[in-house]
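**Student:** here is the input, now give the coordinates:
(chains A, B and C)
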Amino acid sequence: MNPASRFARAAASAAGDAELAAILRRNLATYDQAVAAGRGRFLDWEAARRRAQAVKRDAIAHLDRYLEEFERRITARGAVVHWAADAAAARAVILALAARHGVRQVVKSKSMVSEEIHLREAFEQAGIAALETDLGEYIVQLRNEPPYHIVTPAMHLRREHIAALFHQRLGTPASETSPEALVRAARREMRQRFVSAGMGVTGANFLIADHGLVAITENEGNARLCYSLPPVQVVLTGIEKLLPRLDDLALFWPLLATAGTGQPITCYSSLLGGPRRENEPDGPRELHIVLLDNGRSRVLADAAQRELLHCIRCGACLNACPVFQTVGGHAYATTYPGPIGAALTPLLRGPAYDHLAYATSLCGACAEVCPVRIEIHHQLLRDRGHAAAARRRGWSERLEIAALAWAAARPRRFERAGRWARALLRRRPDAVDGTRLDLLRPWTRYRQAPPPPPQAFREWWRRRAAGPAAPPPEKNA
Amino acid sequence: MSRREYETRAAVHPARERERVLDAIRAALRPRPEAPAAAAAPADALCALPAPGDAALRRFLAECAANCTEVILVRSPAEADTALAQILAPVEGGFYAQDAPELRRLLAPWAGRTLWSNAGACDAERAAGLTLAEALIAQTGSIVVSAACGGRAGSVLPDLHIVVARASQLAPSLAATLSALGPAFERASMACVITGPSRTADIEKLLVLGAHGPRRLVLLLRLDA
Amino acid sequence: MDRRRRSPLRRNPRLVLWTSVNDATRAPEVALFIPCFVDQVTPEIGRDLVSVLERLGCRLRFPEGQTCCGQPAFNAGYRSQARAMMRHFLDVFDGAEAIVCPSGSCTAMARRFYAELAAGEAKLEEQARQVCPRVYEFSEFVVRRLGVVDLGAKFPHRVAVHDGCHMLRELRLKQEPRELLRRVEGLELVEIEDAERCCGFGGSFSIAYGMVSEAMAARKADALEASGVEYVAACDPSCLLQIGGVLARRPGRVRTLHLASLLARGLE
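**Tutor:** Predicted coordinates:
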């Protein structure tokens, strides 16, 4: 099945799942409340968003220079920077490192870029065990699922689901369903793996150009363990994560935390300047940073769409999106779900994902909550523009638009076409309403359709103007 | 994704890959878009800040209460000793501590149970980690540590993290702290702004403390005379 | 009897105050922009628009050359076809003093999206710059341009407002319909839960992803039913079609009404 039909089927199935809807709704109600309180901590949330947008615009407009500055500074402290034009190159770099160090076990902290390049599968193919250590990621890894959400990977599960999973996979008591007990069990299970891992892999939330730093944001402490304990650390990240200055974090850390979870700042906001220094008791002997392009420079090349690279992956647009809330994260079957994913994926992964740009009502709730003010819904429209211009849309849609354009070119034609269509629909017997025989079935299958009116507005207007009741033209007002 | 795909790309030369990515970026940015370097963020105006003076400490304490950091105010070395004794009394197992004169003095009664950072790295058996702080942030109720505070793991691996700091280390804002933090990377490879004990809300958005890091974060805050 | 001859001034003293004091903002000549959808599917909304604007003393004309603003093509990505329709629209409405539309969505097409669509063609850009700022959504026109909030209408019912997405987020109009409804005698304005949430219409989206679209509308319908209102008013016929389409298959008795229709009924 192609991605478009798979999406349509999964979306429809999720839309009819009342239990899922209840889980998501409860989860998001908690989120909404926290975020409302979090925004209140800003003196001026809108000013903060505008500032953030300006900073990202600067960062992206001079991306080459900032990347080189970042590379120069962090390399001076002993880190190694690798560049990868695509996913395969990034995997090759990381697997070569693992091979060189004889790594058998890897601990990973949350990284959407690692999902993007299917790093865990690559490790597994190479016979290396890779453990997701973020609790949500750990849960979905045990379930053999991709993350449901870029910030809340196990958003679709209730504690009972997780308890059953842990009972089956970790041997915890089946009755143990309290979040505290489940967290404790996962922590216990993963502890030793941190200690014995030969490599730690993390993502990066920001790269800081002026001081050459990697900024990692988290709450659990698993990323800190990943960059503290294993002898080799790999930071895998996209080239767009640059911020010009360390000072910018004074805005971006609170902004990301507030939009992501409603927290004033996440529990652990780490900055890495290089591998362990001589006088330090621990930390990795080697720090490797993999900068991934994988289609991003293509997005950069389109001046109207490059703002999509401003995204800081906070997940706010997913949470605000009524379509995401209805279809959930898995239906998209992409690394980045929700509005930002729908806008980016056709650009990053090509026409097979065009349908995602159409799978939205364009309501704009995403843009309204975006902390860096990306006009995501307008970007979705631009994606659609590319798809249609390249004649990648289906024949029926092309025919419909051509018919509309043909009719709309001449008012008389338009009026006549409308009259015929209404006459045809008036003959539609009530009995077919919503059935397969119904011409309007795509609409009436789910909703009632209004009866077609006997006359169009323009016909009414003309008759009224011509009729006896027509008022004289007022020239004097 | 296939193994074959991996093998075909494994031959890529690092220097060539670098030029390939950078060239693609440069080409994409031609003509260079107009985006004036945004002035350094006046972040003090963006997130609510405490007023100067005493208010900073009050704000810090309020933020700590909100983020579950336990703060113990001490006014003398003797008070610090007493407070530490109370915290450590129920703790079983060994401690890990940053090798610093102040901590050497405080931990003298437990010297036999303590691994000092100059002697080795913190291991998973340590029940408590004791460090100093690089700075404290009033705006967010945060404690800044760096690798110079006894390495990396000592402040995250044990179940209990105890920080010993002075009220004079209190900075008003995150912005002020970051401006001062840049040079720190010339002597330490890592810094972390810690805001409360480790936590997760990955299960039904319910807050649970002690996900992977410390379940308890205690700050012994010495008020300056 | 000719309704237009009966001056609204005689009927409603509050309007007298407005016209006499504020002569500079006298009701202008209005070119009606009746979206293709209203023209063909819900012409009664157009008729109610006419009746309300005439009550306000506006001189109306209906440029008969108008067809479709091009939004369906634009939203589906067919920009060259949309551009042709835009060209037609701009020619038809060229020189109009004020263009009033009973749809936030179609107003947004002209005001927010024409500029991008015209980009690269200097003459077209200039024409769009001239015409587009003169396109008003109905409630915006009445409240902001005419400066009228009290029409002297009476409608003794509990009414909720649904915010259309284009109206809310492209045009930033939220208070205008509420200001008008608050002055309607006997009307109890009710704010429903998630009034700003999309009803799930989204043009072709409602067809291509019918089940998702319906689930979104169902949530809207739930909120409406829970609020105990009798009517939901909106400034977008397409939202009303969607919400009404779902409500019609439910046992509840919430009815949909365009703001112009509600006011027209209230003035009868």
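**Student:** where along the stretch 1-150 of chain C do the helices fall?
**Tutor:** Using DSSP state H, counting those that start in this stretch, the helices of the stretch 1-150 of chain C run over C:8-11, C:13-21, C:36-40, C:43-55, C:71-76, C:79-93, C:104-108, C:114-118, C:122-131, C:138-140.
**Student:** who touches the fifth one?
**Tutor:** Counting by C-beta atoms under 8 Å, 6 or more residues apart in numbering or on different chains, helix C:71-76 makes contact with A:358, A:362, A:381, A:384, A:388, A:393, A:397, A:401, A:404-405, C:79, C:81-82, C:85, C:105-106, C:109, C:113, C:117, C:203-204, all of which sit outside it. Placement of C-beta: from N, CA and C, glycine included.
**Student:** what comes up buried for the helix or strand bottoming out on mean pLDDT in chain A?
**Tutor:** One helix or strand of chain A scores below all others by mean pLDDT, DSSP states H and E: helix A:441-444, with a mean of 91. For helix A:441-444, a neighbour-count test (16 or more other C-beta atoms under 10 Å in any protein chain shown) marks A:Arg441, A:Trp443, A:Thr444 as buried.
**Student:** among those residues, which are in reach of chain C?
**Tutor:** A:Trp443 (C-beta under 8 Å from any C-beta of the partner chain).
**Student:** between the buried residues of helix A:441-444, which sits nearest A:Asn279?
**Tutor:** In terms of C-beta to C-beta, no member of the buried residues of helix A:441-444 lies closer to A:Asn279 than A:Trp443, at 71.5 Å.
**Student:** what's that closest one in contact with, if anything?
**Tutor:** With C-beta under 8 Å, 6+ apart, A:Trp443 has these contacts: A:Ala449, C:Ser206, C:Ile207, C:Gly210, C:Gly245.
**Student:** now do 6 Å
**Tutor:** Going by C-beta atoms under 6 Å, 6 or more residues apart in numbering or on different chains, A:Trp443 touches A:Ala449.
**Student:** next one: B:Asp224
**Tutor:** Per C-beta under 6 Å, 6+ apart, neighbours of B:Asp224: B:Ala167, B:Ser168.
**Student:** how close does it get to B:Arg75?
**Tutor:** Distance of B:Asp224 to B:Arg75, given as C-beta to C-beta, to the nearest Å: 9 Å.
**Student:** one more: C:Gln81?
**Tutor:** In terms of C-beta to C-beta, C:Gln81 sits 78 Å off from B:Arg75.
**Student:** which of the two has more neighbours?
**Tutor:** Set C:Gln81 next to B:Arg75 and count neighbours by other C-beta atoms under 10 Å in any protein chain shown: C:Gln81 wins out with 23 against 11.
**Student:** the closest residue to chain A within chain B - nearest residue in space that isn't next to it in sequence?
**Tutor:** For chain B, the residue closest to chain A is B:Gly213, as judged by C-beta to the nearest C-beta, at 2.6 Å. Nearest non-adjacent residue to B:Gly213, counting by C-beta to C-beta, 6 or more residues apart in numbering or on different chains: A:Gly221, 2.6 Å away.
**Student:** tell me the SS of A:Ile216?
**Tutor:** strand (DSSP: H, G, I helix; E, B strand; the rest coil).
**Student:** shouldn't it be in contact with A:Asn222?
**Tutor:** No: contact between A:Ile216 and A:Asn222 fails when scored by C-beta atoms under 6 Å: they sit 10.5 Å apart.
**Student:** of these two, which one has the most company?
**Tutor:** A:Asn222 (33 against 27).
**Student:** okay, the more buried one: pLDDT?
**Tutor:** Note on A:Asn222: pLDDT of 98.
**Student:** show the backbone phi and psi for the closest residue to it other than its chain neighbours.
**Tutor:** Once flanking residues are discounted, A:Asn222 sits nearest to A:Thr133: 3.9 Å by C-beta to C-beta, 6+ apart. Torsion angles at A:Thr133 (phi, psi; degrees, to the nearest 10) stand at phi -110, psi -20.
**Student:** same question, the one 5 residues further on
**Tutor:** Reported as degrees, to the nearest 10, the phi and psi values for A:Tyr138 are phi -60, psi -40.
**Student:** and if you look at A:Ala84?
**Tutor:** phi -140, psi 120.
**Student:** and the nearest residue to it once chain neighbours are set aside, how far is that from chain C?
**Tutor:** Excluding its sequence neighbours, the residue lying closest to A:Ala84 (C-beta to C-beta, 6+ apart) is A:Ala90, at 3.7 Å. Using C-beta to the nearest C-beta, to the nearest Å, A:Ala90 is found at 32 Å from chain C.
**Student:** ok, A:Ala90 touching A:Val290?
**Tutor:** Yes: using C-beta under 6 Å, A:Ala90 is in contact with A:Val290, at 5.3 Å.
**Student:** shared neighbours, these two?
**Tutor:** Common neighbours of A:Ala90 and A:Val290, using C-beta under 6 Å, 6+ apart, are A:Ala84.
**Student:** neighbour count winner among the two?
**Tutor:** Neighbour totals were compared for A:Ala90 and A:Val290, and A:Ala90 leads with 29 against 26 (other C-beta under 10 Å).
**Student:** in what helix or strand does that one lie?
**Tutor:** Per DSSP states H and E: A:Ala90 is located in helix A:87-100.
**Student:** tell me the helices and strands packed up against that helix.
**Tutor:** When contacts are defined as 3 or more C-beta pairs under 6 Å, 6 or more residues apart in numbering or on different chains; DSSP states H and E, helix A:87-100 sits against strand A:286-292, helix B:3-10.
**Student:** what are the pairing partners of the helix or strand that that helix is followed by, and which direction each?
**Tutor:** Using DSSP H and E, the next helix or strand after helix A:87-100 towards the C-terminus is strand A:105-108. Strand A:105-108 has the following strand partners under DSSP bridges: strand A:129-132 (parallel), strand A:199-202 (parallel).
**Student:** any idea which of the ones you listed is most buried?
**Tutor:** Ranked by mean neighbour count, the strands paired with strand A:105-108 are led by strand A:199-202 with a mean of 28 (mean count of other C-beta atoms under 10 Å in any protein chain shown).
**Student:** B:Arg30 - how many residues pack around it?
**Tutor:** B:Arg30 is flanked by 9 other residues according to other C-beta under 10 Å.
**Student:** helix or strand for B:Thr82, just tell me which one.
**Tutor:** B:Thr82 belongs to helix B:77-88 when elements are defined using DSSP H and E.
**Student:** give me the contacts around that helix.
**Tutor:** Under the criterion C-beta under 6 Å, 6+ apart, residues B:Ile72, B:Val74, B:Leu106, B:Val218, B:Leu220 lie in contact with helix B:77-88.
**Student:** need the strands for chain C, in chain order.
**Tutor:** C:29-32, C:59-61, C:98-101, C:135-137, C:158-161, C:188-190, C:231-234, C:255-258 (DSSP state E).
**Student:** got the domain ranges for the chain?
**Tutor:** Defaulting to chain A. Domain assignment of chain A by automatic domain parsing yields the ranges A:1-40+A:306-393, A:56-294, A:407-466.
**Student:** look at chain C instead
**Tutor:** Per automatic domain parsing, the structural domains of chain C span C:3-144, C:149-267.
**Student:** among those domains, show the one with the smallest mean pLDDT.
**Tutor:** domain C:3-144 (a mean of 88).
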